[in-house]
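> here's my sequence, what's the structure:
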Amino acid sequence: MYLGLDLGTSGIKAMLVDDDFATIGVAHAPLTVGRPHPGWSEQDPADWIAEAEKVIGDLARQHPDAMARLRAIGLSGHMHGATLLDRGDQVLRPCILWNDGRSGPQCAELAARADFHGIAGNLVMAGFTAPKLLWVAENEPEIFERTAKVLLPKDYLRLWLTGEHVGEMSDAAGTLWLDVARRDWSDELLAATGLDRAQMPTLVEGSDVSGRLRADLAERWGVARVPVAGGGGDNAATACGMGVMVPGTGFLSLGTSGVLFAATETYAPNTGDAVHTFCHAVPATWHQMGVILSATDSMTWLSEITGRAVPELAAMVPENVAAPSPVGFLPYLSGERTPLNDPDATGAFWGLRRATGLADLSQSVMEGVAFAFADCVHALRKAGTPIEAAYAVGGGARSRAWLRIMASATGLTLLEPEDGDFGAAFGAAKLAAACATGDTSARIFAPPAVRAEIAPDAALAAAYAKKYEAYRAAYPQLKALPDSRA
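Okay, the predicted model is just below:
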């Protein structure tokens, strides 16, 4: 038996699987986000521990015989969070989360201090960990001075589970302190933030042993002192669950935000198009991500302003779309990452007429999100990353119409996996299995069975290629307009 523990922003999930990766049990617990000021996003790490204890305890009570055969635990979690500890491992302040924007002003200052683009392989953005520490240094200097360790969220759970200060490559790559090519901390980048290696956790690969379960926890849950795997950041762990470990086939996550994930055999950054280049959760492997900030959230926005439920709006779009909507849409409702790196980018409709109906708007929103993913495909290919097909996951992937639009707009063949839970907790459980067995082959990280393939429609793809040109032209024209708020 293997246990995967995933620390999400809105909740924590524990999944127990057997040797064939069939699900034995799942437990969830909610988490809340504190927003003490506009643009801030924080969580109390004590809540992570309390809810992790609850979900693992639930599995221990519901499946005692299976838990007694537990061989290893794997971890996953939301990335980039700054968990600051003093010399006694006491938390100094609430964790500053990935979606916290307060450190925007520190980004340019930090980028000027060292070669973050070349060494870390990523643009300096407020979402990453390093700018958060510069903000703390400038605004909470007494806390910065007391900071003895900086841990990522899942690694604080590891500290509770094992007593060890350990991180792993895929999550560490999202701090901006990792030399991503060398898979080691960069002294230069740490110094640029006023830190050093002593304040960082020891690094292991995601499939390696990072420590063993504390004796008191093992006794409480009726398990042995099993190894705890290094684990992975949430997207890398999801890729492990989907078997996305080699170039060619990635995954496309159509959730609130959107991710196009591709594994690579080498370090190949493309900071010019705001591609995220990170280590994968297994050795000698890297990955790239194109990230868009408003995927299904664009449909949620349309639902909110029209008073129509999202399923009702989605049902207005025919499953077999014959032609593009006469309306165009830019989905930059929360700014945009790939390829713009523009937190101030704004959304827009164009081509509105008196005869325009809600069905036109619904289809145009789906198309605009699909074109944003097309931008991601082009950005990854510019970095030399081949991607021809992708597993479609996330809530939006339940819409066959949207998947058909997506395939024709991006040129990707989309693969619908058979029913199952292939998320980050499942990937964490697979990393636990790799840790226990030493096997990182396709036997462990096998892709799911495919229920259906959705290939691009040639005629629709040609029509979308023309509309994509208009989409690409719309952003710079909108950007050139004077700010009406001024």
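
> quick one: contacts of the helix or strand encompassing residue 159?
Secondary-structure element containing residue 159, defined by DSSP states H and E: helix 153-162. Residues from elsewhere that reach helix 153-162 (CB atoms under 8 Å, 6 or more residues apart in numbering): 5, 7, 43, 45, 48-49, 52, 73, 75-78, 81, 83, 85, 89, 91, 95, 151, 164-168, 171, 201, 210-214, 217, 228, 231, 233. Glycine gets a C-beta too; all of them are placed from N, C-alpha and C.

> repeat that with 6 Å
Outside helix 153-162, the residues that touch it by CB atoms under 6 Å, 6 or more residues apart in numbering are 7, 45, 48-49, 52, 75, 77-78, 81, 83, 166-167, 201, 211, 213, 228.

> can you give the strand pairings for whichever helix or strand comes after that helix, parallel or anti for each?
Counting by DSSP H and E, the element after helix 153-162 in chain order, helix or strand, is strand 166-168. Here strand 166-168 is paired, per DSSP bridges, with strand 202-204 (parallel).

> now, which of the contacts of helix 153-162 lie within strands?
Secondary structure from DSSP state E places 7, 75, 77, 83, 166-167, 211, 228 of the contacts of helix 153-162 in strands.

> that older thread, buried residues in the helix holding residue 159, which are they?
Within helix 153-162, the residues that count as buried by 16 or more other CB atoms under 10 Å are 153-159, 161-162.

> can you check stretch 52-60 too?
For stretch 52-60, a neighbour-count test (16+ other CB under 10 Å) marks 52-53, 55-56, 58-60 as buried.

> now those residues in a markdown table, with secondary structure?
Formatted as a markdown table, the buried residues of stretch 52-60 follow (DSSP: H, G, I helix; E, B strand; the rest coil):
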| residue | secondary structure |
| --- | --- |
| 52 | helix |
| 53 | helix |
| 55 | helix |
| 56 | helix |
| 58 | helix |
| 59 | helix |
| 60 | helix |
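
> can I get those in a markdown table including pLDDT and distance to residue 178?
Output for those, formatted as a markdown table (pLDDT from 0 to 100; distance: CB to CB, whole Å):
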| residue | pLDDT | distance to residue 178 |
| --- | --- | --- |
| 52 | 98 | 25 |
| 53 | 97 | 30 |
| 55 | 98 | 29 |
| 56 | 98 | 29 |
| 58 | 97 | 35 |
| 59 | 98 | 33 |
| 60 | 97 | 35 |
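
> between these, which is closest to residue 324?
Of all these, residue 324 sits closest to residue 55, with 45.1 Å by CB to CB.

> I figured the closest one was touching residue 27, is that so?
Yes - under the criterion of CB atoms under 6 Å, residue 55 makes contact with residue 27 at 4.0 Å.

> shared neighbours of those two, which are they?
Common neighbours of residue 55 and residue 27 (CB under 6 Å, 6+ apart) are residue 14.

> coming back round to it: in TSV, list the buried residues of stretch 52-60 along with distance to residue 182.
Converted to TSV, these look like this (distance: CB to CB, whole Å):
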residue	distance to residue 182
52	32
53	37
55	36
56	35
58	41
59	38
60	40
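
> now the helix holding residue 159: mean pLDDT?
In this model, helix 153-162 has an average pLDDT of 98.

> may I have it exported as PDB, CA atoms only?
Presented in PDB, the C-alpha positions along helix 153-162 are these (Å, rounded to 0.1, in the frame of the first residue of the first chain):
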ATOM      1  CA  PRO A 153       4.300  24.200   2.000                       C
ATOM      2  CA  LYS A 154       4.600  20.400   1.400                       C
ATOM      3  CA  ASP A 155       8.000  20.400   2.900                       C
ATOM      4  CA  TYR A 156       6.600  21.800   6.100                       C
ATOM      5  CA  LEU A 157       4.300  18.800   6.200                       C
ATOM      6  CA  ARG A 158       7.400  16.600   5.700                       C
ATOM      7  CA  LEU A 159       9.100  18.300   8.700                       C
ATOM      8  CA  TRP A 160       6.000  17.300  10.800                       C
ATOM      9  CA  LEU A 161       6.000  13.700   9.400                       C
ATOM     10  CA  THR A 162       9.700  13.000   9.600                       C
END
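
> longest helix of this structure?
If you go by DSSP state H, the chain has its longest helix at helix 358-382.

> what's the offset of that one from the middle of its chain?
On the basis of CA atoms, centre = their mean, to the nearest Å, helix 358-382 sits 19 Å off its chain's mean C-alpha point.

> pretty sure residue 297 is in a helix, no?
Yes - counting by three-state DSSP, residue 297 falls inside a helix.

> and the next helix or strand past the strand or helix carrying residue 170?
Element membership for residue 170, per DSSP H and E: helix 169-172. For helix 169-172, the following helix or strand on the C-terminal side (DSSP H and E) is strand 178-179.

> neighbouring contacts of that next one?
The contact list for strand 178-179 (CB under 6 Å, 6+ apart) reads 119, 172, 186.

> what's the burial count for the last one?
Going back to what we said before, that points to residue 186. Using other CB atoms under 10 Å, residue 186 has 21 neighbouring residues.

> greatest separation within the buried residues of helix 153-162: which pair is it?
The span of these, defined through CB to CB, is set by 153 and 162 at 15.4 Å.

> tell me where the stretch 351-486 of the chain has strands.
Using DSSP state E, counting those that start in this stretch, the strands of the stretch 351-486 of the chain run over residues 387-393, 413-417, 450-454.

> picking that back up, mind checking which of the contacts of helix 153-162 are buried?
Buried among those (16+ other CB under 10 Å): 7, 45, 48-49, 52, 75, 77-78, 81, 83, 166-167, 201, 211, 213, 228.

> for the nearest residue to residue 324 once chain neighbours are set aside, grab the count of nearby residues.
Using CB to CB, 6 or more residues apart in numbering and skipping the chain neighbours, the partner closest in space to residue 324 is residue 467 (4.8 Å). Applying the criterion other CB under 10 Å, we find 20 residues in the vicinity of residue 467.

> what sits against residue 60?
By CB under 6 Å, 6+ apart, residue 60 lies in contact with 67, 221-222.

> only the buried subset of these, as a ChimeraX command please.
This is how ChimeraX selects the buried members of the contacts of residue 60, with burial counted by 16+ other CB under 10 Å:
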select :67,221
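
> ok, of the contacts of residue 60, which one's closest to residue 388?
Here the nearest of the contacts of residue 60 to residue 388, counting by CB to CB, is residue 67; it sits at 41.3 Å.

> the stretch 201-350 of the chain: helices as residue ranges?
With DSSP state H, counting those that start in this stretch as the criterion, the stretch 201-350 of the chain has helices at 215-221, 234-242, 296-306, 310-315.

> how about the strands in the stretch 1-150 of the chain?
2-7, 11-17, 23-30, 42-43, 72-77, 83-85, 95-96, 149-151.

> OK, contacts around residue 166?
So residue 166 contacts 158, 201-202, 204, 210 (CB under 6 Å, 6+ apart).

> now tabulate those residues in JSON lines and tack on distance to residue 12.
Converted to JSON lines, the contacts of residue 166 look like this (distance: CB to CB, whole Å):
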{"residue": "158", "distance to residue 12": "14"}
{"residue": "201", "distance to residue 12": "20"}
{"residue": "202", "distance to residue 12": "24"}
{"residue": "204", "distance to residue 12": "22"}
{"residue": "210", "distance to residue 12": "19"}
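
> shaky segments in the stretch 351-486 of the chain?
Scanning the stretch 351-486 of the chain for pLDDT under 70 picks out 484-486.

> change it to 90
Applying pLDDT under 90 to the stretch 351-486 of the chain picks out residues 383-386, 393-395, 418-423, 480-486.
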